[in-house]
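K.L.:
here is a sequence together with a model predicted from it:
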Amino acid sequence: MKPLKDNVSITLDEDIVKKIREYSESDDRSFSQYINMVLRNHIKVIEDSAKETR
């Protein structure tokens, strides 16, 4: 079974889109896949940081 996905619409600054496109292409990922990866990593960093402060 495929993982559940939600379609969302967001507005990003042009310079951010340009960089994400560059990074995703160099990593051979789609724009969406790359954003998911970046957000997952960001969430992990925040959650790990919160665990350290407990």
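P.N.:
In hand now; what should we look at? Residues are numbered from 1 along each chain as shown.

K.L.:
residue boundaries of the helices in this structure?
P.N.:
For the chain, the helices defined by DSSP state H occupy 14-26, 31-52.

K.L.:
taking the mean pLDDT, what do you get for stretch 37-52?
P.N.:
Average pLDDT, stretch 37-52: 95.

K.L.:
tabulate the CA atom coordinates of it in PDB.
P.N.:
Provided in PDB are the C-alpha atoms of stretch 37-52 (Å, rounded to 0.1, in the frame of the first residue of the first chain):
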ATOM      1  CA  MET A  37      13.300  15.000   2.900                       C
ATOM      2  CA  VAL A  38      14.300  18.500   4.100                       C
ATOM      3  CA  LEU A  39      11.200  18.900   6.200                       C
ATOM      4  CA  ARG A  40      11.700  15.400   7.700                       C
ATOM      5  CA  ASN A  41      15.300  16.200   8.600                       C
ATOM      6  CA  HIS A  42      14.300  19.600  10.100                       C
ATOM      7  CA  ILE A  43      11.600  17.900  12.300                       C
ATOM      8  CA  LYS A  44      14.100  15.300  13.500                       C
ATOM      9  CA  VAL A  45      16.600  18.000  14.500                       C
ATOM     10  CA  ILE A  46      13.900  19.900  16.400                       C
ATOM     11  CA  GLU A  47      12.600  16.700  18.100                       C
ATOM     12  CA  ASP A  48      16.200  15.600  19.000                       C
ATOM     13  CA  SER A  49      16.900  19.000  20.400                       C
ATOM     14  CA  ALA A  50      13.800  19.000  22.500                       C
ATOM     15  CA  LYS A  51      14.800  15.600  23.900                       C
ATOM     16  CA  GLU A  52      18.200  16.900  24.900                       C
END
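
K.L.:
what separates it from the chain centre, distance-wise?
P.N.:
Stretch 37-52 has its C-alpha centroid displaced from the chain centroid by 12 Å (Cα atoms, centre = their mean, to the nearest Å).
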